[in-house]
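**Q** next one to model:
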Amino acid sequence: MISNGGSGIVLFSERNEAFSQIFLKALTFWYFCVKAKVQTMALVYSTNPDIEFSKDGKLQPDTLPSKQQNLVVQKSIKGRGGKVATLVTGFIGKEADLEALGKMLKNKCGTGGSVKDGEIMIQGDQRNKIAEILQKEGYKVKVSGG
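**A** Got it, this is the predicted structure:
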């Protein structure tokens, strides 16, 4: 039974105790979701055969041609124990295309690296080399940092 503490307002009778418990649980769940600002996107049905989702359920934008991409190449040492890395940011497109670009850069630089959170990380200070490679591939590149 749900009441307001003895003032006489009863939402459900005792015959509906099971329903009131389910309702209370659902209301509690909804409250915590709103409080935590949980936002989920649930696609029920689409007739578009070209629609693609990333692993987290978000729509992925179409990959822009290389001439329309504005990439930023910068040096970073944050979170790597003082080790230098080169970051490539600003890529707009599908995760698979970003992975392919990252793999190509790692191969041409001869170093390791990773792709995550929309960034390509290449080990070492490879800014000038990466900028040249990307310009040869047709990308607009800006080298950031000293």
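
**Q** where do the strands sit along the protein?
**A** Secondary structure of the chain (DSSP state E): strands at 70-76, 85-89, 113-116, 119-123, 140-144.

**Q** closest one to Lys106 among those?
**A** Closest approach to Lys106 among the strands of the chain is made by strand 113-116 (4.8 Å; Cβ to Cβ). Every residue, glycine included, has its C-beta placed from N, CA and C.

**Q** could you list the paired strands of the closest one along with their orientation?
**A** Strand pairing for strand 113-116, using DSSP bridges, gives strand 119-123 (antiparallel).

**Q** tell me the spacing between Gly113 and Lys78.
**A** 15 Å (Cβ to Cβ, to the nearest Å).

**Q** likewise for Leu64?
**A** Leu64 is 28 Å from Lys78, where distance means Cβ to Cβ.

**Q** ditto for Glu95
**A** Taking Cβ to Cβ, one finds Glu95 at 23 Å from Lys78.

**Q** more neighbours: Gly113 and Lys78, which one.
**A** Taking neighbours as other Cβ atoms under 10 Å, Gly113 and Lys78 compare with Gly113 leading, 19 against 7.

**Q** what sits closest to that one if chain neighbours are left out?
**A** Spatial nearest neighbour of Gly113, excluding adjacent residues (Cβ to Cβ, 6 or more residues apart in numbering): Ile122 at 4.1 Å.
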